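> model the following, please.
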Amino acid sequence: MIIAVDPSYTKNIGISWLDQKGIHFNSIVLDKADKDLDTRDLQHIAFKVFSFICGLNPQMNSILAVEGQFFGVNKIMTMRLIEVRALLQGMVIAKYPSMKVVTVNPISWQSKVLNAYKIKSEEIKKLSIKYASDLTGKKVTEDESDAICILKYIEKNGNK
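Numbering: from 1, shown residues only. This next block holds a predicted model:
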């Protein structure tokens, strides 16, 4: 099984997984309290994703791929996303020590899956949604589409 996560703490979290039945995807909906600066609990957000992953019942040799972060203009947002990713990865490693846990650079999956090089993020979002919708034959959100693209990156390139 391959599980891919597009982490967030300001909007819903995209998750996709590949099993014997094919590709599946979903959004992990964050509560209003999760999105509010005054009540946000990053550990709680990571635990929501972890609980979802546990419900998938991953087996030995499964892979968890979590999107890494751009070091962009908003340093606080970047650090919080890194914290959510690190908490999630730690929880998964503690529960499933045989699972391979990898961080996927956004530029890597965007270039390998979407053939997107040096284009604006709005264009990448459109390409990601179109690719994932075409692949699954279903309507997908931006977060779900990124998770599907990360999954396809791991499927094509291994856990590099």
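
> just how off-centre is the helix or strand of the chain with the lowest mean pLDDT within its chain?
When each helix and strand of the chain is scored by mean pLDDT, DSSP states H and E, helix 32-35 comes last, with a mean of 73. Remark: helix 32-35 is offset 19 Å from the chain centroid, using Cα atoms, centre = their mean, to the nearest Å.

> which residues touch it?
Tyr9, Thr10, Lys11, Thr39, Arg40, Asp41, His44, Ile45, Lys48 (Cβ atoms under 8 Å, 6 or more residues apart in numbering). All C-beta atoms are positioned from the backbone trio N, CA, C, and that covers glycine.

> give the buried residues for it.
If you call a residue buried by 16 or more other Cβ atoms under 10 Å, then helix 32-35 has these buried ones: Asp34.

> can you name every helix or strand that the helix ranked longest in the chain contacts?
In the chain, taking DSSP state H as the definition, the longest helix is helix 75-95. The contact analysis (3 or more Cβ pairs under 8 Å, 6 or more residues apart in numbering; DSSP states H and E) places helix 75-95 against helix 42-55, strand 63-67, strand 100-104.

> where does this protein dip in pLDDT?
Applying pLDDT under 70 to the chain flags the ranges 37-39, 71-73, 159-160.

> swap in 80 and give it another go.
9-10, 32-40, 69-78, 118, 158-160 (pLDDT under 80).

> can you pick the most crowded of the contacts of helix 32-35?
Ile45 (24 neighbours; other Cβ atoms under 10 Å).

> quick check: the gap between that residue and Ser121.
22 Å (Cβ to Cβ, to the nearest Å).

> how about Ala4?
Using Cβ to Cβ, Ala4 is found at 19 Å from Ser121.

> same check, this time on Tyr131
15 Å.

> the more surrounded of the two?
More neighbours surround Tyr131 than the other of Tyr131 and Ser121, with 19 against 12 (other Cβ under 10 Å).

> quick one: what helix or strand has that one in it?
helix 121-136 (DSSP states H and E).

> got the buried residues for that helix?
Buried-residue list, helix 121-136, by 16+ other Cβ under 10 Å: Ile124, Lys126, Leu127, Ser128, Ile129, Tyr131, Ala132, Leu135, Thr136.
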